[in-house]
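Visitor: one predicted model, sequence on top.
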Amino acid sequence: MSSFKHARTALFGLTFVLIMFMSNGLFAAFGQSTNFEGPFVGVAMKGAYVDQKENREDTPLPPATYFDESFRLLSEAGLNHVRFLFYWEAYEKNPQGFMNELEQVANAADKYGIKVIYDNHQWHTSSWLEKRGTGFPTALFANNSQQYPMNSGGKEGEPVAKLWWSNFWDGTIKDGQGNDAWTLLADFYKKVVATVDSHESTLGYEILSEPHVESADQWEKIGSFNSFMTDELRSVTQKIIVYSMNVPVDLGGPIQLTAENLAEMAPANKENIWFKISVYGIPDRDQYQQERFDLFLQTRELTGIPLYIGEWNNVVRTQVNGVFQLDPQKSGLNQQIADTMLDAFKNENITASAFWKWDYQDADTASFNLLSHQNGTMTPTEYYTFLKTSVANVYGDLSTSTSGSSSETTSNTTSDATSEETSEATSETNSTEEN
């Protein structure tokens, strides 16, 4: 009888352990919760089929080994994160090529143990409005081409772009069949999730990169949009959802850019949410950079949502005909600057960061090129070495940072910088020069 009691006690204990294991393991897996502990340090990566413009000629394709080779190099550099950019209009142009490429990315990331945020990117709205622009599909413009003429300008502040974004936030943008843009975007994004969500490497999804704010009454409307998209995505994934800062970052301007208004952009459901910002200068390099960075830190305090620096580099803008533009000759990065910037991110408990950028196509700004692609051969540049060294100097070994997961992502709220002769303007537009 005594042995039976011991056996029953042991069985009960084993059953209890199994239940606890299932609660924290199996059930979490069923819910697809992937809230890994950070920090995550990596790069913003561009692809090929996911980068095509509906209204332009296709850009050249990379070598067949581009993704496998890229993730291998990133892993060897001690990095553990990729923010992978895609464009909605690229899917509309070639759905099969688009989804096949996402699958390649997810497989390569699985292989090399790198966690990926998939970013629904836009720059100057769409190739419909501007030759270099990309993002939203033609179907959201062509049915109303008198109101939104082709090649009429997609940058923030441009009259047609301003009208289109205002209507987008009001929920009145529709395609030719009368389907509203918010629902169309959610349906498209669910296809992305269905393709990559089951991969261990998938960390989460960015709703929409750098949305335009054209007037002070749009902050709450963007919050409604982010709430809608979060609710839609939550029906298919429990992984991290990222919402983005706006452009322009116009300190003291008419759009009333304040921490309180930035907080209005947050979705109502804040569980497992990150707030993405861009940093294109050492945070204390000058007054503008300091005020800008402090503004985002204040927003984190108000919302309790972790900060994600989805793009960072060091650039300088100079005034040309009254407009401040990125100056490739004066922009630059060295080992000291890279160390200083990552050290600042670490000191402020930044959850994740991604260097701009990893791309097989060359950019005019030298420090934007981590990779050189010549005659089918990809070679890391000196900026790759700077980043690799800085990660080791500041963070040490990141390989253990993504080894565990928890049921809830929490906010960790709590240098000698080289001076530039020319500071950035107090009004900033999209931070990067897309190619």
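Guide: That came through, no problem.

Visitor: in stretch 162-171, which residues are buried?
Guide: Within stretch 162-171, the residues scored as buried using 16 or more other Cβ atoms under 10 Å are K162, W164, W165, S166, N167, F168, W169. Backbone N, C-alpha and C define where each C-beta goes, glycine included.

Visitor: what's the first helix or strand after the helix or strand where K111 lies?
Guide: Using DSSP states H and E, K111 sits in helix 95-112. Note on helix 95-112: by DSSP H and E, the next helix or strand toward the C-terminus is strand 115-120.

Visitor: that older thread, contacts for the helix holding K111?
Guide: Residues outside helix 95-112 that contact it (Cβ atoms under 8 Å, 6 or more residues apart in numbering): 45, 47-50, 52, 67-68, 70-72, 74-75, 82, 84, 86, 90-91, 115-116, 118, 191-192, 195-196, 199-202.

Visitor: which of those are buried? Put it as a PyMOL command.
Guide: Entered in PyMOL, the line below selects the buried ones among the contacts of helix 95-112, by 16+ other Cβ under 10 Å:
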select buried, resi 45+47+48+49+50+52+67+70+71+74+75+82+84+86+90+91+115+116+118+192+195+196+199+201+202
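
Visitor: which parts of the stretch 201-350 of the chain are strands?
Guide: Counting by DSSP state E, counting those that start in this stretch, one finds strands in the stretch 201-350 of the chain at the ranges 202-206, 240-244, 249-250, 273-279, 307-312, 317-320, 323-326.

Visitor: okay if I get those strands as JSON lines plus mean pLDDT and distance to P62?
Guide: Formatted as JSON lines, the strands of the stretch 201-350 of the chain follow (pLDDT from 0 to 100; distance: least, Cβ to Cβ, whole Å):
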{"stretch": "strand 202-206", "mean pLDDT": "98", "distance to P62": "22"}
{"stretch": "strand 240-244", "mean pLDDT": "98", "distance to P62": "25"}
{"stretch": "strand 249-250", "mean pLDDT": "94", "distance to P62": "32"}
{"stretch": "strand 273-279", "mean pLDDT": "98", "distance to P62": "25"}
{"stretch": "strand 307-312", "mean pLDDT": "98", "distance to P62": "21"}
{"stretch": "strand 317-320", "mean pLDDT": "72", "distance to P62": "30"}
{"stretch": "strand 323-326", "mean pLDDT": "66", "distance to P62": "25"}
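
Visitor: next, format these as TSV and append distance to V105.
Guide: Listed next are the strands of the stretch 201-350 of the chain as TSV, based on distance: least, Cβ to Cβ, whole Å:
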stretch	distance to V105
strand 202-206	10
strand 240-244	17
strand 249-250	29
strand 273-279	19
strand 307-312	16
strand 317-320	32
strand 323-326	28
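
Visitor: so for N349, which of those sits nearest?
Guide: The closest of these to N349 is strand 307-312. By Cβ to Cβ, the value is 8.2 Å.

Visitor: just the contacts of helix 95-112: which are in strands?
Guide: Counted as lying in strands by DSSP state E, out of these, are M45, V82, F84, F86, K115, V116, Y118, T202.

Visitor: farthest pair in these?
Guide: Taking Cβ to Cβ as the measure, these span a maximum distance of 16.6 Å, between F86 and K115.

Visitor: contacting residues for V193?
Guide: Contacts for V193 (Cβ under 8 Å, 6+ apart) come out as Y205, L233, V236, T237.

Visitor: among these, the buried ones, what's the PyMOL command?
Guide: Buried residues among the contacts of V193 (16+ other Cβ under 10 Å), as a PyMOL selection:
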select buried, resi 205+233+236+237
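
Visitor: so where is the protein shaky, pLDDT-wise?
Guide: For the chain, applying pLDDT under 70 flags the ranges 1-36, 319, 321-324, 326, 400-435.
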